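**Student:** Let's see this in three dimensions:
(one chain, ligands or ions: 2)
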Amino acid sequence: MDWTELENECGGCRKCRLWETRHNVVIGRGSRTAPVMFVGEGPGEQEDLTGQPFVGAAGQLLDKYLAASGISMDDVYIANIVKCRPPENRNPREDEEEACIDYLRAQVKLIRPKLIACLGKVAASKLMKPDYPIVREHGILIKKGAFSMIALFHPAAILRDPSKKEDMYYDMKKIREFLDDLKK
Ligand code: URA
Ligand code: SF4
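**Tutor:** Ligands and ions are numbered 1, 2, ... in the order given. Down below sits the predicted model:
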């Protein structure tokens, strides 16, 4: 699948019930040759309205963390587990995640990132291990096949609980160091 096929398929997708309430399918943003791919859970209201991932309050915070840790947007691609907004921002259901995951797989194949960074428990539980213990195991880099993986708190969790700020900054710095090592 190439990018045009992916965009066309996603754009008209009705594989799960989330198509009924979406305004826009949210595929991703950033560099299509990025070494780091961030994966969130699903679009929120602003994302649904604009068609772009992580552009609301949580997304703005994410961009701040990237800038503060010296991670260039040229090195980053951002996507979600599900491409359509779950109503009232509820967590995506398992059948919705399963229906949508092939699009994310296609994105990973096209981008071939060196590191996949899961934002929050939902993404980490889908991509790393079930019921991922994010509080205990955020910031731990693991090798998984052709790429490395790491889980970070979701930026929305930082907005709710500012005591997680320092952990978030530390984990972002780990990603920055990973990028530095790639460029050595
Ligand atoms: N939260 C997510 O998980 N993804 C977005 O795109 C926006 C908010
Ligand atoms: Fe299709 Fe994914 Fe949207 Fe469901 S969430 S309708 S599977 S694009």
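**Student:** can you list the residues of this protein near ligand 2?
**Tutor:** Selection of the chain residues close to ligand 2 by Cβ under 6 Å from any ligand atom yields 10, 13-16, 18-19, 25, 82-84, 96, 99-100. From N, CA and C alone the C-beta is placed, and that goes for glycine too.
**Student:** Mind giving me the packing neighbours of the lowest-mean-pLDDT helix or strand in the chain?
**Tutor:** The least trusted helix or strand in the chain, going by mean pLDDT, DSSP states H and E, turns out to be strand 142-144, with a mean of 93. Under the contact definition 3 or more Cβ pairs under 8 Å, 6 or more residues apart in numbering; DSSP states H and E, strand 142-144 sits against strand 147-152.
**Student:** Partner strands of the strand it packs on, with direction?
**Tutor:** Sheet pairing of strand 147-152 (DSSP bridges) gives strand 115-119 (parallel), strand 142-144 (antiparallel).
**Student:** which of those strands sits most buried?
**Tutor:** strand 115-119 (a mean of 24; mean count of other Cβ atoms under 10 Å).
**Student:** Could you point out the helix or strand that follows that strand?
**Tutor:** helix 121-127 (DSSP states H and E).
**Student:** starting at the chain centroid, how far to that following helix?
**Tutor:** 10 Å (Cα atoms, centre = their mean, to the nearest Å).
**Student:** And stretch 176-184, by the same measure?
**Tutor:** 20 Å.
**Student:** Check which residues of that stretch are buried.
**Tutor:** Judged by neighbour count using 16 or more other Cβ atoms under 10 Å, the buried positions of stretch 176-184 are 176, 178-179.
**Student:** Just the CA trace of it, in PDB.
**Tutor:** Taking C-alpha atoms only, stretch 176-184 is exported to PDB below (Å, rounded to 0.1, in the frame of the first residue of the first chain):
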ATOM      1  CA  ARG A 176      16.400  12.700  21.900                       C
ATOM      2  CA  GLU A 177      19.500  10.700  23.000                       C
ATOM      3  CA  PHE A 178      18.300   7.800  20.800                       C
ATOM      4  CA  LEU A 179      18.100  10.200  17.900                       C
ATOM      5  CA  ASP A 180      21.600  11.500  18.700                       C
ATOM      6  CA  ASP A 181      23.000   8.000  18.700                       C
ATOM      7  CA  LEU A 182      21.500   7.300  15.300                       C
ATOM      8  CA  LYS A 183      23.300  10.300  13.900                       C
ATOM      9  CA  LYS A 184      26.700   9.400  15.300                       C
END
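**Student:** Good, we can wrap up now.
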